[in-house]
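*Asks:* curious how this folds, go ahead:
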Amino acid sequence: MRARIWGCRGSLPAPGPENHRYGGNTSCIQVTEGDTCLILDAGSGIMRLGRFLGPDFKEVHILLTHLHIDHTMGLGFFQPLYNPNVKVHLWGPTAGQESLLNRLRRYFSPPLFPVKMSELPQHPEVHELGDEELTIGNIKIRSQFICHPGPTLGYRLTANQKTIAYLPDHEVMLGSSDFPNDPEWTSGFDLANGADILFHDGAYTSKEYVGKMGWGHSSIRDAVLFGKMCKVKKLSIFHHEPTRTDDQIDLLYKEALRDGNFQFQVEMCAEGNVYEM
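*Replies:* Next up, the predicted model:
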C-alpha cells in the first residue's frame, strides 16, 4: 500500500506561510494498492488530489469518517465527480434516522453549494457503513464507530500484511474506565491494535483538553498513550488545530517525546508525506 497525505489540519483550512511545513488543508489521505484507489475523507485537501489523480484510476472510493464540514468541504471541488468516465463511490456512517444519501444531498444544494448531486454527470454510488468488514480491490477494510460527536467511523485498512489505522477525530479518553491501562472498552482499540501506522487525533495540549472534554478530540499525550496501548509501529499525530503554526507544532512534538522512550515512532503528520508499505 501507498498512502499520501493531502490534508491533516483540523476544523478549518489554515493556509499561510507560517503553516508551510505541516500544511493547511483539512483531512484527506489517498491510499493506493495496485489499481485500487481509496480516499480517506474529503476535506479541502481532496481538491488538489483530484487535480493530480492519474488517468489510470477509473473507479475511486471515498471513505468518510463523518460529515463535519472539515471532512466534506472538498467534495464539490473533486474533479473526478465531473468526469463521466470515472465511477466514484461514497462510503460513510449510517445514522438510522436519515440516509447517508440525503445527508450528502444537503451539502450538494443551495445555498451551501450550487451543484446538486443529480446534476453530476455520473451520480456517485453511496454506501452506508457501521461496524463491519468489507474488501475493495486488494484492500481489506474494517469500519467501527468511535467516540466523536455524531455518527463517526474509524477505519482499518490491510493489504499485503500491512495495516493503516485512521482515526482523525477521536476522543480516546471517553468510554473507558481505565485508560490507558486496560484496552477493554477503549474506543478504537480494535482498529488500531498492532497497526503499522496509526493516524490519530492530537488536537490539544493536555492543558487545553481539560476545558474541552466532550468536544470529540484528544490531547497529544493521550494520542501517544493510545499508540503505546495499541502497540503500533508508527503514530502520526493528526488534526492539527488551525491556529497552530509550524513552529508551535514543533514545540508540541518535543514536549510529547519528553515523557519517555517509546517502542514506536512518533511524528506530527505533515501534508505531502508519503508512506510506502
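*Asks:* list the buried residues for the helix-or-strand element of the chain with minimal mean pLDDT?
*Replies:* Lowest on mean pLDDT, DSSP states H and E among the helices and strands of the chain sits helix 246-257, with a mean of 92. Using 16 or more other CB atoms under 10 Å as the test for burial, helix 246-257 gives Asp246, Ile249, Leu252, Tyr253, Ala256. For glycine as for every other residue, the C-beta is placed from the backbone atoms N, C-alpha and C.
*Asks:* what's it packed up against?
*Replies:* The helices and strands touching helix 246-257, judged by 3 or more CB pairs under 8 Å, 6 or more residues apart in numbering; DSSP states H and E, are helix 220-230, strand 265-268.
*Asks:* about what we covered before: which of the buried residues of helix 246-257 lies closest to Ala42?
*Replies:* Comparing those against Ala42 with CB to CB places Ile249 closest, at 23.5 Å.
*Asks:* I'd say Gly175 and Phe145 touch.
*Replies:* No. Counting by CB atoms under 8 Å, Gly175 sits too far from Phe145 to count as a contact (10.5 Å).
*Asks:* which one's more surrounded, those two?
*Replies:* Using other CB atoms under 10 Å as the criterion, Gly175 and Phe145 rank with Phe145 on top: 17 against 13.
*Asks:* how near is the more buried one to Asp178?
*Replies:* 21 Å (CB to CB, to the nearest Å).
*Asks:* do Gly92 as well
*Replies:* Counting by CB to CB - Gly92 and Asp178 are separated by 32 Å.
*Asks:* quick one: contacts for the closest residue to Gly16 other than its chain neighbours?
*Replies:* Residue nearest to Gly16 in three dimensions, not counting chain neighbours: Gly24, with 6.6 Å by CB to CB, 6 or more residues apart in numbering. Residues in contact with Gly24, defined by CB atoms under 8 Å, 6 or more residues apart in numbering, are Arg9, Pro13, Ala14, Pro15, Gly16, Pro242, Glu271.
*Asks:* same question, Asp196
*Replies:* Lys162, Thr163, Ile164, Val232, Lys233, Lys234, Met277.
*Asks:* isn't the fifth one right up against Ile197?
*Replies:* So that's Lys233. Yes. If you go by CB under 8 Å, Lys233 and Ile197 touch, sitting 6.8 Å apart.
*Asks:* those two: which is more packed in?
*Replies:* Neighbour totals were compared for Lys233 and Ile197, and Ile197 leads with 24 against 16 (other CB under 10 Å).
*Asks:* so the more buried one versus Ile146, what's the distance?
*Replies:* Here Ile197 is placed at a distance of 17 Å from Ile146 (CB to CB).
*Asks:* ok, now Gly194?
*Replies:* From Gly194 to Ile146 the distance is 17 Å (CB to CB).
*Asks:* more neighbours, these two?
*Replies:* Ile146 (25 against 12).
*Asks:* for that one, give me its contacts.
*Replies:* Thr152, Leu153, Gly154, Leu167, His170, Ser187, Gly188, Leu191.
*Asks:* now the phi/psi pair for it, please.
*Replies:* The phi/psi pair for Ile146 (degrees, to the nearest 10) reads phi -130, psi 170.
*Asks:* and the residue nearest to Gly16, which of the three is it?
*Replies:* coil (DSSP: H, G, I helix; E, B strand; the rest coil).
*Asks:* report pLDDT for Gly260.
*Replies:* On pLDDT, Gly260 comes in at 66.
*Asks:* and if you look at Leu53?
*Replies:* 92.
*Asks:* and it, how many neighbours does it have?
*Replies:* Leu53 is flanked by 20 other residues according to other CB under 10 Å.
*Asks:* with the one 4 residues further on instead?
*Replies:* Applying other CB under 10 Å, we find 15 other residues in the vicinity of Phe57.
*Asks:* for it, give its distance to Asp35.
*Replies:* 7 Å.
*Asks:* any chance you could map the strands in the stretch 51-200 of the chain?
*Replies:* Remark: strands assigned in the stretch 51-200 of the chain by DSSP state E, counting those that start in this stretch are 59-63, 87-93, 125-129, 132-136, 139-145, 153-159, 162-167, 197-201.
*Asks:* export the ones you listed to CSV and tack on distance to Gly216 and mean pLDDT?
*Replies:* Compiled in CSV, the strands of the stretch 51-200 of the chain are given as follows (distance: least, CB to CB, whole Å; pLDDT from 0 to 100):
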stretch, distance to Gly216, mean pLDDT
strand 59-63, 19, 97
strand 87-93, 14, 98
strand 125-129, 19, 97
strand 132-136, 22, 98
strand 139-145, 13, 98
strand 153-159, 12, 98
strand 162-167, 11, 98
strand 197-201, 8, 98
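*Asks:* understood, closing this out.
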